[in-house]
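**Q** With the input below, show me the fold.
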Amino acid sequence: MTVSLRGTRDVRGTYQLFRLTGLLDAFSEPAFRKVMTKYIEAGPKNIILDLGAIDFVDSSGLGALVQLVKKATTDGGTVQVVTNPRVTQTVKLVRLEKFLSLQPSVDDAIAHLNNQDSNGG
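**A** I've put the predicted structure just below:
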């Protein structure tokens, strides 16, 4: 059995940075959702999800991202999604780029998060 999604977690002050590689698809989605829910509950509540090295996202993966944003928001956090052109194209096809708060780089996501903090959310 192959692992289609791998990742690392780095906790930095007010946010967690996840760097994922591989496929975010129907096969990896259940584990992704379970792990991310656990980490959102553990905190910090703000999430930066680096999908820059992701090869493919399908509808199951998009659904998991939407659920992740809803969960984080309900718990008082935010989600910033860093993408590559392939992921961005998929997200834009279903018009979720604003909802998923797409960012061009991890640095941009951190800056966006810091601006939100300084502006009171």
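**Q** Could you tell me the model confidence score at G121?
**A** With respect to pLDDT, G121 scores 57.
**Q** With V57 instead?
**A** V57 is given a pLDDT of 94.
**Q** could you say what helices and strands the biggest strand by length in the chain packs with?
**A** Counting by DSSP state E, the longest strand found in the chain is strand 46-57. Counting contacts by 3 or more Cβ pairs under 8 Å, 6 or more residues apart in numbering; DSSP states H and E, strand 46-57 packs against strand 15-24, helix 29-42, helix 59-74, strand 79-82, helix 85-93, helix 106-118. C-beta coordinates here come from the backbone N, C-alpha and C atoms, glycine included.
**Q** would JSON lines of those with distance to L5 be doable?
**A** Output for the helices and strands packed on strand 46-57, formatted as JSON lines (distance: least, Cβ to Cβ, whole Å):
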{"stretch": "strand 15-24", "distance to L5": "4"}
{"stretch": "helix 29-42", "distance to L5": "6"}
{"stretch": "helix 59-74", "distance to L5": "9"}
{"stretch": "strand 79-82", "distance to L5": "15"}
{"stretch": "helix 85-93", "distance to L5": "13"}
{"stretch": "helix 106-118", "distance to L5": "18"}
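**Q** what angle sits between the longest strand of the chain and helix 59-74?
**A** Calculated by axes from the mean of the first three to the mean of the last three Cα atoms, to 10 degrees, strand 46-57 forms an angle of 170 degrees with helix 59-74.
**Q** The residue positioned nearest the centre of the chain: what's it in contact with?
**A** In the chain, the residue lying closest to the centroid (Cα atoms, centre = their mean) is L49, at 3.3 Å. For L49, the contact set (Cβ atoms under 8 Å, 6 or more residues apart in numbering) comprises 18, 20, 65, 68, 79-82.
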